[in-house]
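[1] Quick one, structure for this:
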Amino acid sequence: MNQNLTVSVCMITYGHENYIREAIESILMQECDFDVELIISNDCSPDKTHLIIQDVLENHPRKSWIKYFNQDKNLGIMPNLFFALEQCTGKYIAMCEGDDYWITENKLQKQVDILEQNQDVGLVYSNIKQYIQKSGQLIDIQARFVQSQKDVIPEMLKSKFVEFATTVFRKTILEQVIQTLKKELEGKVIGDTRIILETVYISKLYFLNEVTAVYRILEGSASHPKQIDKYIFALKDTYFSRKTFVERNNLNRIWLSDSICNTNRGLINTAFVAAKYSDALKLLQNVLILEVFKYCSWTVFRRKMKADIWVKLFLSLVGIGSLRQKMR
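    Presented below is the predicted three-dimensional model:
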């Protein structure tokens, strides 16, 4: 074992009593020729998350890997993430939130080997499966990667193709990124996109073409909220995470075209199926009209905003979508 190399796994958790054991055990099953520390920060969960972590700490044969912090008051997603990252001492930092899990026992070994052999790479990611908690479906996701480093940022601005649960960062790069983003991340829900974008701006991205992790989709979570106001905030924050990145680094604003259209499509589609007309109007009031005129290319606009979207927009405005939901 290389005693000079430690890899930190950063795990933040809140309200994950049904998932946290699987998440922790997927880290503890890793087979590596280096030391691993698992940093867990429980953000004052109101359920049995703490008790389950305590049980693992008492009974798992690899419990010594774990450094556990149980917050006595709720910090919020981003402050809890910052706290957990500050506890990481490894040369490399892997991410796995408390409701996701890994499925291969050599994930860390393979990704760390890549980072050791490629000093210009700041982030290694892999392919992933999605687990829809409500339906119990485990879905294969088509692998997404780009051949040329110059295409990474334009493609990432279209849609994020790197999932946090698959990532291993070079710590020196991640620390630089967090320093850049710390103020911007205050009060936000979209952290992973911001962190990944800034990382690939200052270092190279490497794709390990294997499925190594499962991303769990939970209704009502911070990234998939049910409440209309929270949904609008999360959807628009997804766009503004990209816009702020483009502005900060003086990049081509036309690269925002897909994200603008995707945001507007999400708002209109959700308005069309909204049960309340007031919710439909609230969603439509947040459509990014000025952003379309300022930054969106006509080619992308025509491709993304087809006739079906305009029909849904009209029917939502006159309340047909809400009426249909009531008739159901």
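
[2] mind listing the helices for the stretch 51-200 of the chain?
    Under the criterion DSSP state H, counting those that start in this stretch, the stretch 51-200 of the chain contains helices at 77-87, 107-117, 152-158, 171-181, 192-202.

[3] and the closest residue to A143 other than its chain neighbours, what does it touch?
    Closest residue in space to A143, ignoring its immediate chain neighbours: N127 at 4.4 Å, by Cβ to Cβ, 6 or more residues apart in numbering. Yep, even glycine has a C-beta here, placed from its N, CA and C like the rest. N127 makes contact with 141, 143, 166, 208-212, according to Cβ atoms under 8 Å, 6 or more residues apart in numbering.

[4] just checking, which of these belong to strands?
    The members of those that map onto strands under DSSP state E are 208-212.

[5] if you skip the residues just before and after it, what's nearest to the most centrally placed residue in the chain?
    Taking Cα atoms, centre = their mean, the centroid of the chain lies closest to D192, which sits 4.3 Å from it. Leaving aside its sequence neighbours, D192 sits nearest to F164 (Cβ to Cβ, 6+ apart; 4.4 Å).

[6] if I pick the one you found, what's in contact with it?
    By Cβ under 8 Å, 6+ apart, F164 lies in contact with 95-97, 100, 192, 196.

[7] Closest one to S8 out of those residues, please.
    Ranked by distance to S8 (Cβ to Cβ), those are led by M95 at 9.9 Å.

[8] Can you verify my assumption that that closest one contacts V162?
    No. The criterion here is Cβ atoms under 8 Å, and M95 misses it with V162 at 10.4 Å.

[9] need the longest helix for the chain.
    Ranked by number of residues, the top helix in the chain under DSSP state H is helix 228-248.

[10] List the buried residues for that helix?
    Across helix 228-248, burial judged by 16 or more other Cβ atoms under 10 Å covers 228, 231-246.

[11] Now do it: everything it contacts.
    Defining contact as Cβ under 8 Å, 6+ apart, one finds that helix 228-248 is touched by 157, 184, 188-190, 193-194, 197-198, 201, 222-225, 251-253, 255-256, 259-260, 262-263, 266-267, 270, 274, 279, 282-283, 286, 288, 291.
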